[in-house]
Each structure stands twice: as structure tokens, then as C-alpha cells.
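Student: please find the sequence and the predicted model below.
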Amino acid sequence: MNPDLADRLAPFRAEALGRGIPPEDVERWIALARPSATLVTGGDGPVVGRFGGPLMLPADAPDPWFPLLATLDCAALPEETTGLRLPPDGRLLLFGFPEMTYYGGTAGEVVHIPEGTPVEERNTRCPHVFGEEGDGFDATDALALHEQFPREELRLAPDVSLPHHFLAPSPEPGGETITLPGHPRAWDLAEVWHETCGGIVVDGPLRIGGYAFHECTETDPVADAAADAEEARRHRGDSAELPAPGEWTLLAQWDIGLTGREGSTLHWVVPRQDLSEHRFDRAHASFFWNP
């Protein structure tokens, strides 16, 4: 990790030690730190994508089921910044909609368009969302929400991330999960991070990589989203099982600030193996809201 980012964990370390948490437990928790990229709509960081904008897709690509949220420049988001093995070039398109789904259904999708791929502007109204199909969302509410979607450039702010939840995954794929019984100070350490990261974590609406979080701090949002993906697979009757929840990672998190969806989040998750192969057909988006 970049030493400058590691230094930003100093307030967390000082507060944890000040509360009497043993140094070895504090350092064990800090060892879980991951780089992440917070994408903001202001500041002087480099432009790495944008919210909204024209929907550019290859001519043979199917119409997306969900509205376009953001288009990201993969080359501007290297692994040392995001902690993710994103494709080295091209554009990553995040689609999603902040609405509850049923039977674990996804609330979004991800499309990668390699550099040099011919594209054309697509005009789609996403009938699944905007009510032109029988199983669509409430059209009036959906259109009102979509009109609030941000449409601005996204700038990069390198960041660092620790678990916000009390069930922390191992820092290594396939490693043993650190649960409350396995790490007796996990509750305290996650609480300290939650209280001290306000002056550390850059405030931004879209986060790439790192640890997912939402208001329910007792569970890991990535594991929850992976479980949703498995439920959706079973409901569809697909025969191929998905990877276990511990084999998934956070791709992106949208901290939604729309009127009517205050305090909600969208998490796009993907199996780690799929990410290393630069495939996103099994990516799953999970919507969390505690109104």
C-alpha cells in the first residue's frame, strides 16, 4: 500500500490503542487494510469517468435492463489504486437502479467494452425499470428517481479502507474468515474505524474496491450480495453453482443521495476469479435501504 495512505490510518491506531485494545489486535486489524478509489465530483484529481452521459455500446450488445449510472476509464484505475485487477484498458459501464428486488434478483449489471471496440449511441428506456413491461417497477416513481441521477465528471481520490462490519474476511483469498469468536475485538475495532474514518475516508458518491459498508454493520455487504446472487440463480433454475460468498469481492459502491432513497447504497460484487479473467457476466448488484 502507498505509504501516504498507510499513514492515514494513524488516527484509527491511536484511538484503538487509547481505548485499551491490545496492540497485537490493532495491528492484526490494520493488516486487513485495502487500497480503494473514491470517485468524487469535485476537487483537482484526474478525471477517470463520469456519471451519466451517452450510452455507448457495441451494435450487437443487448439492451441493458437498468439505466446507466457511470462510465469508467479502466486505464485510469490501476490495481495499486483500487486493489482490483480491472481490465487494463477500455471502459467499464455500471448500470443499476435503487429499488428492492425479489428472490435475490440483481439491481444492476456491469459491462466492459475493450479499447478500440466500435460503439454506437444507444437510446433505451429500460422497460424493465420504467414500466413498459408487466414486471417493471412503478413507472412514475422510477422516472422521478432517474431524473435525479447525477450527471457529472468523476475525479479520482485515492483512499484506504478497513472493515466497517464485524465479520471481517481474510486478507487473502481462501483464507480463514475472521469472525467474532476468532477475533474477539472485532466489534470494538470496526466501531473505532467507523468513528475515525470520517476524517480519513474521502467523502464521495462512488467507491471502487476496498470494503463495502452500509448501515447494518453486523454483516458483510459483499457476502450478503453473493448470497443474493446464489438465491437468484436457484430461482432461475440455473444448474451451474456460483462461487461461495467468501470468493467474491466488492467492485463498486454507490452511496445514494437521491430524494426518496436517502441513506441507501448499491453494491456491485463479482467473483474474484471472474475479475481476474476480466469477465462481468456474473456480476451482481445488491440494493440496501433502511428507510
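Tutor: Yep, it's here. Numbers count the residues shown, from 1 in each chain.

Student: what segments of the stretch 51-200 of the chain are strands?
Tutor: Counting by DSSP state E, counting those that start in this stretch, residue ranges of the strands within the stretch 51-200 of the chain are 56-57, 68-73, 91-96, 108-113, 120-121, 153-161.

Student: now the ones you listed as TSV including mean pLDDT?
Tutor: Formatted as TSV, those follow (pLDDT from 0 to 100):
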stretch	mean pLDDT
strand 56-57	96
strand 68-73	97
strand 91-96	98
strand 108-113	98
strand 120-121	96
strand 153-161	92
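
Student: turn those into JSON lines, including distance to residue 13 and mean neighbour count.
Tutor: All C-beta spots, glycine's among them, are computed from the backbone N, C-alpha and C. Shown next, in JSON lines, are the strands of the stretch 51-200 of the chain (distance: least, Cβ to Cβ, whole Å; neighbours: other Cβ atoms under 10 Å):
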{"stretch": "strand 56-57", "distance to residue 13": "45", "mean neighbour count": "18"}
{"stretch": "strand 68-73", "distance to residue 13": "32", "mean neighbour count": "22"}
{"stretch": "strand 91-96", "distance to residue 13": "34", "mean neighbour count": "24"}
{"stretch": "strand 108-113", "distance to residue 13": "35", "mean neighbour count": "20"}
{"stretch": "strand 120-121", "distance to residue 13": "50", "mean neighbour count": "10"}
{"stretch": "strand 153-161", "distance to residue 13": "12", "mean neighbour count": "22"}
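
Student: among those strands, which is nearest residue 238?
Tutor: strand 108-113 (16.0 Å; Cβ to Cβ).

Student: paired strands for the closest one, with orientation please.
Tutor: strand 91-96 (antiparallel) (DSSP bridges).

Student: low-confidence stretches in the chain?
Tutor: Of all residues in the chain, those with pLDDT under 70 make up the ranges 1-2, 132-137, 166-183, 198-204, 217-218.

Student: helices along that one, start to end?
Tutor: 3-7, 10-18, 23-30, 79-82, 127-130, 139-146, 186-196, 221-236, 272-276 (DSSP state H).

Student: could you find the closest non-adjacent residue to the residue nearest the centre of the chain?
Tutor: Centroid check for the chain by Cα atoms, centre = their mean gives residue 252 as the closest residue, at 2.4 Å. Nearest-residue entry for residue 252: residue 268, 4.5 Å, with adjacent residues in sequence omitted and distances by Cβ to Cβ, 6 or more residues apart in numbering.

Student: follow-up on the earlier one: JSON lines please, covering the helices of the chain and showing mean neighbour count and distance to residue 100.
Tutor: Shown next, in JSON lines, are the helices of the chain (neighbours: other Cβ atoms under 10 Å; distance: least, Cβ to Cβ, whole Å):
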{"stretch": "helix 3-7", "mean neighbour count": "11", "distance to residue 100": "35"}
{"stretch": "helix 10-18", "mean neighbour count": "16", "distance to residue 100": "34"}
{"stretch": "helix 23-30", "mean neighbour count": "16", "distance to residue 100": "33"}
{"stretch": "helix 79-82", "mean neighbour count": "16", "distance to residue 100": "28"}
{"stretch": "helix 127-130", "mean neighbour count": "19", "distance to residue 100": "13"}
{"stretch": "helix 139-146", "mean neighbour count": "15", "distance to residue 100": "12"}
{"stretch": "helix 186-196", "mean neighbour count": "20", "distance to residue 100": "25"}
{"stretch": "helix 221-236", "mean neighbour count": "19", "distance to residue 100": "11"}
{"stretch": "helix 272-276", "mean neighbour count": "16", "distance to residue 100": "25"}
